[in-house]
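*Asks:* can't give you the sequence, but here's the structure:
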């Protein structure tokens, strides 16, 4: 499978078993493979950014952050495949291609977000990474620890 930035994928349970972090979003809910993940390819590492349909849960959080900081780049609400989706950059984590279960398919084709949205998500993600390097960590997980684990698997 050729993994590309801007496509939506599902991840294998095996990844969650390996990482064993109860804070990661649940992979299956009501018998469905969820959530879906926007993917950013960074050499051998893939960054998975969870998507959610829970607009009413996240809109007040976004509003509060905008009121307090004037901006919110850690959570976005945008349209993907003609539906509003929450893009949870704060919940991003690194993984490897071997942990991808399958691409998200709509009308028989892998789902790719439009380029302008792909660029906006990638820009916001890179902004969050730059803040982290400055000591301001907005990520919910220890992404450095997970990345180290994933890179360790590549060395085997």
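*Replies:* The structure has been received and is ready for your questions. Just so it is clear, the model here is predicted, and its values are computed rather than measured. Numbers count the residues shown, from 1 in each chain.

*Asks:* When you work out contacts or count neighbours from here on, use the C-alpha atoms and nothing else.
*Replies:* Will do.

*Asks:* Would you mind pulling the contact partners of the helix or strand hosting residue 84?
*Replies:* Using DSSP states H and E, residue 84 maps to strand 83-88. For strand 83-88, the surrounding residues in contact (CA atoms under 8 Å, 6 or more residues apart in numbering) are 49-55, 58, 74-79.

*Asks:* can you count the residues close to residue 99?
*Replies:* 15 (other CA atoms under 10 Å).

*Asks:* so how far is residue 148 from it?
*Replies:* Between residue 99 and residue 148 the computed distance is 15 Å (CA to CA, to the nearest Å).

*Asks:* beta partners for the residue most central in space within the chain?
*Replies:* Centroid-nearest residue in the chain, with CA atoms, centre = their mean: residue 49, separated by 0.4 Å. Under DSSP bridges, the beta-bridge partners of residue 49 are residue 38.

*Asks:* By residue count, which helix of the chain is the longest?
*Replies:* Counting by DSSP state H, the longest helix found in the chain is helix 115-133.

*Asks:* Which element is encountered next along the chain beyond it?
*Replies:* Criterion used, DSSP H and E; the element after helix 115-133 is helix 143-154.

*Asks:* what comes into contact with that following helix?
*Replies:* 19, 45, 92-96.

*Asks:* Give the buried residues for that helix.
*Replies:* 143, 146-147, 150-151 (16 or more other CA atoms under 10 Å).

*Asks:* pLDDT and distance to residue 113 added to those, as JSON lines?
*Replies:* Shown next, in JSON lines, are the buried residues of helix 143-154 (pLDDT from 0 to 100; distance: CA to CA, whole Å):
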{"residue": "143", "pLDDT": "93", "distance to residue 113": "24"}
{"residue": "146", "pLDDT": "93", "distance to residue 113": "26"}
{"residue": "147", "pLDDT": "93", "distance to residue 113": "25"}
{"residue": "150", "pLDDT": "94", "distance to residue 113": "26"}
{"residue": "151", "pLDDT": "92", "distance to residue 113": "27"}
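
*Asks:* Now for the contacts of helix 143-154: which two are most distant?
*Replies:* Greatest spacing in those, by CA to CA: 19 and 45 (15.0 Å).

*Asks:* neighbour count winner among those two?
*Replies:* In this view residue 19 and residue 45 are compared by other CA under 10 Å, and residue 45 has more residues nearby, 17 against 14.

*Asks:* what about the more buried one, distance to residue 134?
*Replies:* 22 Å.

*Asks:* same thing with residue 19?
*Replies:* 26 Å.
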